[in-house]
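A.B. asks: Predicted model follows, preceded by the sequence.
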Amino acid sequence: MSSVKTSSPTRSLRDVDKLGKDPETSRTPDKTEKQEKHERKVVNVDNKMENRLNMKDLEKLQDAFMSEGDGYDNKLSLNREQFCEALTIILGRKGNREEYGELFDKVDVTREGTVDWDKFASHMLLEFYERDDRVKSTQVPQWKDLKTLPSPHKELIQRVCFLKNMNKYISISKEGTIGFWGVDMKLQRAFKTGTDSCKARDLWVTQFVVLQNINKVALTFTSKEIAIYDLSSKVEFSCQYKVQGLSFTPLSIDYWFNPMNPNDAIIVFGDVGGYVNCLFFNSALIALFERPPAPAGEKQETCLNVLLSDVAIDKYKNCSFTRYLGHDKEWVRQVKYCQGLECFISCATSYATSLVIGWMEKHTSSNQSAKSDVWRYVQGNVTQRKELLRSFATFTIPQGINAFDVNEQMNLIATAGVNHHVCLWNPYVVSKPNGVLRGHMAGVVQVQFLKSRGQLISFSKDKILRIWDVQLQVCIQRLAGMFPKGPEVYSALFFDEGKDRNGQERNRLFISFNYQLTVMEMKLEIKDRVLSHEKPVVAAINNSVYNQVVSVCQGGTIIMWMIDTGQKVKQFNGIHGNSEVTCLSQDQSETRLFTGSTDGTVKVWDFNGNCFHTLSCAGGQPADVGQILNLKRCVLVVGWAKYITVFRNTSFRDFHVQPSDWKGGQEHSEDILAAGFQPPNLLATGSYDGEIVIWNTNSEHASKHFNQRSLKLLKSRGRTFVTNSREITNVSLNSRPKSRPKSRTTTSRVSIVSSEEQNEFGSAIAKLLFLEARKGHSAGGGANLVSCGGNGWVRFWNTAHCQLVAEFIAHHHAGSILMATDKKNQFLVTGDVDGLIKVWKILEYATHQVDEPITDQPPHQCQFHAHQDMINSLEICERNERIIIISASSDCSVAMWDVFGNRIGVFGQEEHWKIEPYDPTLEMGPEIEDEEKLDEEKTEIMTDDDSQWEPDDDPLGTRYNTWASTILGKDYQELRSNKRERRQPGTIPDLPYLHWEKTGQAPAGPYSALETQDLQEVPIITKPDSDKYFLVRPPSVDISKKLPALAETLKTAYDEKSLFPTYIREFEMRMKTYHHSILQGESKGGGLLSKTRPSLQQLGLQLNQVQKQAGTKSSSTIKARGLAGLKLQPVARSRTSSVTTES
């Protein structure tokens, strides 16, 4: 530590304040700043600044921060500029000023503007913990579904191995049945073998081993024989050698060959007497045993019988034999030759000799290596062979061990103990193991190292598989409940971590259960895979109030993310205790969260993690809550029963809320899995058998039943319900999580229901959606309800006419699917169990009434592989003029995409994103745009009808065919066929408003939803007598004719008091007085005005004159201005006023 404490860093830090204020020292040249700008790029996780610091760098920084300053505890505290200068002085070229500034911003989370050693150390500690967790999460293998292979075996399977030369798998069972499997896990060949030494019913195959370098297989029998078969022949499975005369029955066998010299090989086998027997070969590629010459005139026998006693006395030059007693009178369960340690390892189920290592004698010489000395020593006489093994190492383990495995790279031996423990041993230390892996509750039967991953697999009698991290000595994965049920069985384990011919790792795990053979394939591992949760994500929803995405995993962890950046905001753990969470929803105000669990409860939360209510759905019994639907006055819960569970808002007074009675009762015959709601009172529920029921939420009674595709109706029909053009698609079996075995089952059915076989799982409805933008289309016959579920089907329904409008298969071979749509119902997004997402354009799909359901797919926008595992939820929202898809998957991630297939990001990644408007046409190059323009301008070339003309068929044979028999006919036919094709103008597009009646499409326009019919015939109308009711119209008179004065037409005098009310006369007097006062002020230059009273007839004449003057103006202007544009103006006449228009 003293060497680290140099004075220069301390002095430099003390002078940082001065350096920061000095412009010459603190400011870098312009050239350097430009270079830094050009060098800016996104760095990966391993190239982060925190990961580049080693222990010496941290010690230097600690010593520098410990100097006196004005910070906490009188220690040094630096601002951003000082921090960058200090790290530049101490770390040198570890980074640039920009990276140091980013590191300061990460450390200063509270934005106090200063950083001391405590803050820096805390940040580094959290960074290291996060990196360790990230490494652990990437090491946990992800498995595909367990598959049970069709087995030809009738007895328990002894072992499974891979044949490198043949690129096949081989399995041999106790009765002698041999099966060959291709890399596609299909059975290729199966036959039975045996020996003539005893009857077949008394013969067992105890074990076998593959001789990879010579393409042979060696089998051990209970008849105390070892038979070696040749695998090169594709026709027959011939036995080449039989090693007979064994002292005890062989139980285990192993084979090794020298990779530097394949002629050198060893077969080691253990027997029931506790002996470890070794056969050494020096010309394995030529022949394992030298064949004696055949007698004259006789044919050479195919099988050579070899006595072990003859091998021991050197009768065969290319083979030698030795053995040693490793386990006194104990069965040798497993044997193995270890090349790196140059020893034989064997095990037994005994305490005294649980594991025995037989070390081979090593000879060191300046001219020969140890390996060559071994082989020279092996080829010596009998006396030298007895001295081949110099010593033994015995490991004592309580109750013994069943199996072991060796990792030569780590120099470790893993033992599968009968006492439920897995021990890791150093081969040179017998006193105690390096580590004891505890966790199994039954005896461990098999162990195997995953050498490429640094892990260990162990399998116990209670059918629990554990995967251990060898370095950390912790269990990183436990697999249980997926293996075949039944009593205690014999199991053999084999993990194939080899690579195929394309260089990809196979990573297949074979486990046998008596005669059954199962295989699990490891999923392709994606390096640096981002995880949003530690466990599979159940659902993710968008909250528009807080602009957040809320996700929940099966383990009960709720995380809230910022939708605009992907940053984590809050996290709540263990919301349902040890129960598994199954669904998530929010109320209509988007301020409360509802979570459902397998314990039959629904909990209500706020966004601070406070639980307000607990809804008991199943009366305290476990129940699988599938969906929570929040309405205005109640909450509906479905998923585990045939009826709807309702919680009314009036019951939300206590913490524990009990359900109310649903007035409609039970209408479904199977469990309800999905529900959808359309305001104001339309509710749809879908059940396990494919039936859809429409409810009225006001009366809570069912109004309609959709059972066109329900299971009970299909069974009653007993025939195919689709058109003949649809393909029959077989879907493979996929397993689903235990939490939702019915809601999204993966047991699939054929795409059409045949009369011979009906599969119930394909009818289940997983999702129901109302198309909110099509509320008016239901009356006109258009679809307003979409359902999806089993076997990848998507169906469009009309709730008004109770009709199936369209159906199509969105995902072939995918089992159950989920879906979502946007508010405008432009796109429909579907996701399957393989993580594939497809986007469909449904704006003009199924919008009109049809006689038969539409079977064509809607226009396909795009498809992309969003996740590595099944998709559990989909949601669509719009953000910054961009339609966003939020997907949650069982691969523990929540991702965001747009409808064009562009990934925005995965929640949990370090880099934050920014959602910007996206136009796919901007990414198209100029060449593509030019090609599109040429395609649009190109006229359609159509062939002439005359060039393809042929005479009509003559069934009676009365017409003579002159086309093929006359010269003129042949010439004319050749001329017409070689005629140049004419260019025709482009066809008019199939627009709905041009000829929608012919095409059958819906009429375009605002009245497209209305149902149009032909007009009714009008009956003959009886016309009236024209002379009686209609008179001849008099000729038109000139409207501009001067009207007579009122005084001329009136025959009697009239009284104003009797004609007009009092308020009108008073108003006239006030107006007369007002006009008189105004006219007196303006009459100085215009003469005196007449004081006679104007008449109504004179006022009409003035209006007529105004109309004549305004006749030159457009009528539209006068209509637009109306009476509001008229104003009375004074005129120099007695009690008259002119009317003019406003300019």
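C.D. replies: Cool, the structure landed.

A.B. asks: Which strand or helix spans C84?
C.D. replies: Element membership for C84 (DSSP states H and E) is helix 80-91.

A.B. asks: CA atoms only: put that helix into PDB for me.
C.D. replies: The C-alpha coordinates for helix 80-91 follow below in PDB (Å, rounded to 0.1, in the frame of the first residue of the first chain):
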ATOM      1  CA  ARG A  80     -17.800  18.000 -12.200                       C
ATOM      2  CA  GLU A  81     -14.900  20.000 -13.600                       C
ATOM      3  CA  GLN A  82     -12.600  19.100 -10.800                       C
ATOM      4  CA  PHE A  83     -13.600  15.400 -11.000                       C
ATOM      5  CA  CYS A  84     -12.700  15.300 -14.700                       C
ATOM      6  CA  GLU A  85      -9.400  17.000 -14.100                       C
ATOM      7  CA  ALA A  86      -8.500  14.700 -11.200                       C
ATOM      8  CA  LEU A  87      -9.300  11.500 -13.100                       C
ATOM      9  CA  THR A  88      -7.300  12.700 -16.100                       C
ATOM     10  CA  ILE A  89      -4.300  13.200 -13.900                       C
ATOM     11  CA  ILE A  90      -4.600   9.900 -11.900                       C
ATOM     12  CA  LEU A  91      -5.900   7.500 -14.500                       C
END
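
A.B. asks: what packs against that helix?
C.D. replies: If you count contacts as 3 or more Cβ pairs under 8 Å, 6 or more residues apart in numbering; DSSP states H and E, helix 80-91 packs onto helix 7-14, helix 16-21, helix 55-65, helix 97-107. For the C-beta atoms, the positions are set from N, CA and C on the backbone; glycine is no exception.

A.B. asks: For L836, what are phi and psi?
C.D. replies: phi -90, psi 130 (degrees, to the nearest 10).

A.B. asks: what about it, neighbour count?
C.D. replies: By other Cβ atoms under 10 Å, 19 other residues sit near L836.

A.B. asks: ranges for the strands of the stretch 101-250 of the chain?
C.D. replies: In the stretch 101-250 of the chain, the strands defined using DSSP state E, counting those that start in this stretch lie at 147-149, 157-163, 168-173, 177-181, 187-192, 205-211, 216-221, 225-230, 239-244, 250-257.

A.B. asks: contact partners of the second one?
C.D. replies: Going back to what we said before, that points to strand 157-163. Contacts with strand 157-163, where a contact means Cβ atoms under 8 Å, 6 or more residues apart in numbering, come from 151, 168-174, 205-210, 212, 215, 231, 492, 494, 496, 498, 510, 512, 514-515, 517.

A.B. asks: Just the buried residues of those residues.
C.D. replies: By neighbour count, with 16 or more other Cβ atoms under 10 Å, those hold 151, 168-174, 205-210, 212, 231, 492, 494, 496, 510, 512, 514-515, 517 as buried.

A.B. asks: And what about P487, helix, strand or coil?
C.D. replies: coil (DSSP: H, G, I helix; E, B strand; the rest coil).

A.B. asks: N514 versus that one, what's the distance?
C.D. replies: Separation of P487 from N514 (Cβ to Cβ, to the nearest Å): 10 Å.

A.B. asks: now do S710
C.D. replies: Distance from S710 to N514, by Cβ to Cβ: 41 Å.

A.B. asks: Equivalent analysis for V906, please.
C.D. replies: Distance of V906 to N514, given as Cβ to Cβ: 43 Å.

A.B. asks: wait, isn't N825 in contact with I842?
C.D. replies: Yes - proximity of N825 to I842 meets the contact threshold set by Cβ atoms under 8 Å, at 6.4 Å.

A.B. asks: Does I644 touch S687 like I think?
C.D. replies: No - in this structure, I644 is not within contact of S687 by Cβ under 8 Å, at 11.0 Å.

A.B. asks: Would you mind listing the residues touching both of the two?
C.D. replies: Common neighbours of I644 and S687, using Cβ under 8 Å, 6+ apart, are I672.

A.B. asks: on that earlier part again, neighbour count for N825 and I842, which is higher?
C.D. replies: I842 (23 against 19).

A.B. asks: Could you tell me which residues make contact with that one?
C.D. replies: I842 touches 821, 825-828, 858, counting by Cβ under 8 Å, 6+ apart.

A.B. asks: Now flag whichever of those residues is closest to A296.
C.D. replies: The closest of the contacts of I842 to A296 turns out to be P858 (Cβ to Cβ; 83.7 Å).

A.B. asks: do you know how far the residue nearest to that closest one when sequence neighbours are not counted is from T114?
C.D. replies: Distances taken as Cβ to Cβ, 6 or more residues apart in numbering place Y845 nearest to P858, at 4.0 Å, with adjacent residues excluded. According to Cβ to Cβ, Y845 stands 61 Å off from T114.

A.B. asks: now G194
C.D. replies: Counting by Cβ to Cβ, the gap from G194 to T114 is 84 Å.

A.B. asks: the more surrounded of these two?
C.D. replies: More crowded of G194 and T114, by other Cβ under 10 Å: T114, with 20 against 17.

A.B. asks: Tell me which residues of stretch 619-633 come out buried.
C.D. replies: Those buried within stretch 619-633 under the rule 16+ other Cβ under 10 Å are 623-631.

A.B. asks: Could you tell me which of these are located in strands?
C.D. replies: Mapping the buried residues of stretch 619-633 onto strands (DSSP state E) picks out 627-630.

A.B. asks: Helices along the stretch 301-450 of the chain, start to end?
C.D. replies: For the stretch 301-450 of the chain, applying DSSP state H, counting those that start in this stretch gives helices covering 308-312, 370-378, 382-386.

A.B. asks: what stretches of the stretch 1-150 of the chain score poorly on pLDDT?
C.D. replies: Counting by pLDDT under 70, the stretch 1-150 of the chain shows low-confidence ranges at 1-47, 71, 73-74, 131-138.

A.B. asks: Repeat the analysis, applying 50 as the threshold.
C.D. replies: The model of the stretch 1-150 of the chain has pLDDT under 50 over residues 1-45, 137.

A.B. asks: can you check the stretch 1001-1143 of the chain too?
C.D. replies: Looking at the stretch 1001-1143 of the chain by pLDDT under 50, you get 1085-1093, 1095-1096, 1099, 1103, 1106, 1110, 1112-1143.

A.B. asks: Output the contacting helices and strands for the helix or strand containing V538.
C.D. replies: Per DSSP H and E, V538 falls inside strand 537-543. When contacts are defined as 3+ Cβ pairs under 8 Å, 6+ apart, strand 537-543 sits against strand 548-553, strand 581-586, strand 871-878, strand 883-889.

A.B. asks: CA atoms only for the third one, dumped as CSV, please.
C.D. replies: This points to strand 871-878. Coordinates of each C-alpha in strand 871-878 appear next as CSV, following Å, rounded to 0.1, in the frame of the first residue of the first chain:
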residue,chain,number,x,y,z
ILE,A,871,-45.6,-14.2,-25.8
ASN,A,872,-47.9,-13.7,-22.8
SER,A,873,-49.4,-10.3,-23.5
LEU,A,874,-49.6,-7.7,-26.3
GLU,A,875,-50.7,-4.1,-26.2
ILE,A,876,-50.8,-1.3,-28.8
CYS,A,877,-50.5,2.4,-28.0
GLU,A,878,-49.6,5.6,-29.9
